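J.: need coordinates for the below:
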Amino acid sequence: MSFPESAIVERFATDAEKAAFDILPLLVGATNDKRNRYAIRLADSMGNSGEFEQYVAGNAGERLARIERLLRVFRENVELLVHKTWVEKSEEKPKERLLEDLGSFERDFRDGAIVPSFRRFVSLAHSIASLLFGHQSGADDFLVYCFRIDPKFGLFFWFVGEMEKQARDGSPSDELMTIETLIGIYALSSF
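T.: From the prediction side, this is the model:
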């Protein structure tokens, strides 16, 4: 993060939100036994504290049912956002494509197609940013802009950028991609 961005983060983010910058590298480098603890801490800094643990703790059947509900909330939130966002008639195609990509993402995630769902999630997040903010979403100061709107919103788009870097720099493990995608779904569902 550059100096101007870090100054914005320092000014607008709480200590709990700032912790995300330290937690993510720990999550990425953790083994399975510690990964869930770091995932919970990271998700708590991006969403509602204490709510993410239910998606990584408990027996497998309960976890899957909770994740299924989270996916439904995620889909409903994204669909609502897409339908409520006014765009010029010429920009309707990207909205339609976003909804198609949302369906593909859901299928991939449910089917355990980790790499495609990870990449689709990053793409969905970029499409959402573009839908909400137009050309501003591609500006160099987009993160600063997001942090000014809401630090959690800024953290979400910072996190998506970090996911994108991981995909570019070499595919992270399936376990890491799964937990990071789940954190992203959770964070976006928390808005």
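J.: who's in contact with Phe159?
T.: The neighbours of Phe159, taking Cβ atoms under 8 Å, 6 or more residues apart in numbering as the test, are Ala20, Leu24, Leu42, Met46, Glu180, Ile183, Gly184, Ala187. No exception for glycine: its C-beta is placed from N, CA and C like everyone else's.
J.: count residues in the vicinity of the first one, would you?
T.: What that stands for is Ala20. As a burial measure, Ala20 scores 26 neighbours (other Cβ atoms under 10 Å).
J.: ditto for the fourth one
T.: Met46 sits with 27 neighbouring residues when counted by other Cβ under 10 Å.
J.: what residue ranges in the protein score low on pLDDT?
T.: 1-12, 86-88, 90-91 (pLDDT under 70).
J.: which parts of it are helices?
T.: 3-12, 15-18, 20-29, 32-46, 60-84, 92-110, 114-133, 142-149, 151-169, 174-189 (DSSP state H).
J.: which neighbouring elements make contact with the longest one?
T.: The reference is to helix 60-84. helix 92-110, helix 114-133, helix 174-189 (3 or more Cβ pairs under 8 Å, 6 or more residues apart in numbering; DSSP states H and E).
J.: and the angle for the longest one with helix 151-169?
T.: Angle, helix 114-133 to helix 151-169, by axes from the mean of the first three to the mean of the last three Cα atoms, to 10 degrees: 140 degrees.
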